[in-house]
Structure formats: structure tokens, C-alpha cells
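Engineer: here you go, sequence then predicted model.
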Amino acid sequence: MPPVDKSSLSSDDVTTLIDHLLKSKDPATVGLRKILKNKRDAAEDFPLHPLSFEEFDVPGKSKEAFSPDEKRILELEKQVSALEARLAKQQQNAGAAIVAAQDKGRAEGRSAGEAEGLKKAKAVFDAQVKELQEKIASFLSAVETSKKQIYTSTHAILLKLCFELTKKIIRNECTVNPDVVLSVISKSLSYIADREKLVIRVAKDDMERVSSRKDFWLPIGERVEAITIESDDRIERGGCIIESNSGVADARLGVQIQELADFVEKVWENTIAAENLPRQ
């Protein structure tokens with residue numbers, strides 16, 4: 001606090017200042033209020049004092065307003081006031097440090113929580129992605145298996161359809177072209193080793209055509225001793241059965257078509273088995 005210029009204060013100003021200090025509730029001014037009160041009471045009550053020599057005013061020398069004890073009290077109060085201010089400042093700093101520590105702790109906790117949450121979320125996400133990948137792989141595998149099953153299961157239907165169409169075409173050809181049975185007989189004879197005696201069985205509808213074709217039998221009769229042609233209800237048009245001492249050649253159309261169907265079926269199964277083998 002800057003020193004007060006005494007020349008600028010009137011008696012009323014001093015009185016007002018003293019009254020203000022006496023009424024102040026600041027703990028730091030307790031000693032000062034007490035000193036001022038004692039001095040004021042002493043000035044108003046005129047108490048008896050021990051005889052003492054008064055110090056005369058000497059020009060150029062100011063009279064001390066406070067005694068050494070009073071100065072000591074004021075100095076101690078000043079120190080107490082400074083310590084209280086320092087303590088208040090330290091308390092304020094401590095409060096700020098506590099708040100900062102709390103903020104830091106919350107920030108660190110939030111950061112740690114976010115990191116832990118991210119870690120858990122990533123684990124859940126990875127698990128879901130893995131599960132989805134497994135489902136997709138399983139689905140694709142099921143689709144591939146279904147394709148193979150459809151592919152392998154429909155071949156029988158397709159083959160059956162093809163052979164039914166083939167039988168219709170052959171039967172139609174046998175109706176349109178009556179010489180088909182002669183071609184079948186000629187082909188079947190090539191498998192007969194024993195030429196001593198032959199019995200050729202044909203369909204009822206082919207009997208007249210087969211019997212009337214002497215130009216067909218003339219070269220064959222030169223190599224065979226005896227040939228008998230008979231009608232057989234088991235045989236459909238275009239087919240035949242040739243019997244000899246060495247065996248029987250069954251050239252009925254149904255038998256030939258079935259042999260062809262068995263051959264194609266076997267080739268098909270071998271192809272499917274080869275496709276199912278692991279690739280090298």
C-alpha cells in the first residue's frame with residue numbers, strides 16, 4: 001500500500017478513516033483496530049498515567065505515532081495477512097490442480113474406454129465378418145453341389161428322351177424303308193461263325209419282304225448250307241434273331257437300342273466320376 005500523504009488529509013478525513021478501520025471486519029486489521037481504539041479511548045477519557053517526560057516536538061523530526069510494541073503487533077498482523085493470502089493462493093492452486101487432475105483422469109479414462117470399446121467392437125465385427133464369409137462359402141458350396149446334382153440327375157431324363165426319339169426315328173425308317181431289316185440281317189450274319197444251318201426269325205410285317213428278296217439271299221446261300229426264315233411275334237419290324245449251332249445273334253431293335261443306351265450310360269458315369277476327382 002503506498003504511503004499516505006499527511007498534508008492531504010484533514011482532521012475529518014483522519015476521523016473517518018479511523019472510524020472505518022474500527023468498523024471493519026477484516027481479520028487482518030484486528031490489531032490495528034485494537035490499537036486505534038485504545039488510543040481513542042485514552043484521548044477521550046483522560047486516564048491517569050505515570051509521570052513521564054514528554055518528548056517535545058523538534059523541528060524537522062516527526063513524532064512516532066505507534067510505540068515499538070504496537071509496531072510489533074502491526075508487523076505480525078502484516079505477516080499473518082501475507083500468510084493467509086499465500087494460503088488462499090495455495091488453496092486456489094490446489095483446487096485448480098484437483099480439477100485438472102480430475103479432467104485428466106476423465107480424459108484418460110474416456111480414452112481408455114474408447115480404446116477398449118473399439119477393441120471389443122472390432123472383435124465383434126471380425127467375428128461377424130468371419131461368420132458371414134463362412135455362410136457365403138457354405139452357400140456357394142451348396143450351390144455348386146446343387147448344380148452338380150441337377151446336372152447329374154437330369155442326364156437320365158435327357159438320355160431317355162434321346163433314346164425315345166431315336167426309337168421313333170428308327171421305327172419310322174423301318175416303316176418307310178422296308179429294306180432296313182435286310183441290312184440288319186446282313187450285319188448280324190457277320191457275327192455268325194457257323195454257317196451250316198441258320199434259322200432267321202423276323203417280324204410278321206417283314207416276312208414277305210425278307211422271303212421275296214432272292215437277290216439278297218443268293219450270295220448268302222452260296223456260303224450257307226441251309227437257311228430257314230420264320231415269323232416271330234417277339235420281334236418288331238426292322239429287327240431279327242439269327243440262330244445257329246454256335247449261338248444266337250439277337251438283333252431286335254429294342255435290344256440294339258438298349259445296348260446303345262447302356263454304352264452311353266457307362267461313358268456318362270465315367271465322365272462324371274472324372275469330373276469329381278480332385279484336380280492335380
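Structural biologist: Arrived safely. From a predicted model like this one, the values you see are computed outputs, not experimental measurements.

Engineer: list the contacts of stretch 167-182.
Structural biologist: 202-203, 206, 209-210, 213, 216, 236-240, 253-254, 257 (C-beta atoms under 8 Å, 6 or more residues apart in numbering). C-beta coordinates here come from the backbone N, C-alpha and C atoms, glycine included.

Engineer: again, only this time at 6 Å
Structural biologist: Here stretch 167-182 makes contact (C-beta atoms under 6 Å, 6 or more residues apart in numbering) with 206, 209, 216, 237-238, 253, 257.

Engineer: list the buried ones in that stretch?
Structural biologist: Under the neighbour-count criterion of 16 or more other C-beta atoms under 10 Å, stretch 167-182 has 170, 174, 178, 180-182 buried.

Engineer: out of those residues, which sit inside helices?
Structural biologist: Those of the buried residues of stretch 167-182 mapping onto helices are 170, 174, 180-182, per DSSP state H.

Engineer: which of those residues lies closest to Thr271?
Structural biologist: Minimum separation from Thr271 among those (C-beta to C-beta) is found for Ile170, which lies at 25.6 Å.

Engineer: extract the CA atoms of the helix or strand Glu208 falls within and return them as CSV.
Structural biologist: According to DSSP states H and E, Glu208 maps onto helix 207-212. Only the C-alpha atoms of helix 207-212 are listed here, as CSV (Å, rounded to 0.1, in the frame of the first residue of the first chain):
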residue,chain,number,x,y,z
MET,A,207,-41.7,-111.8,-93.5
GLU,A,208,-42.8,-111.2,-97.1
ARG,A,209,-40.0,-108.7,-97.8
VAL,A,210,-37.3,-110.9,-96.5
SER,A,211,-38.6,-114.1,-98.3
SER,A,212,-39.0,-112.4,-101.7
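
Engineer: hmm, who's touching it?
Structural biologist: Outside helix 207-212, the residues within contact range by C-beta under 6 Å, 6+ apart are 178, 202, 229, 231.
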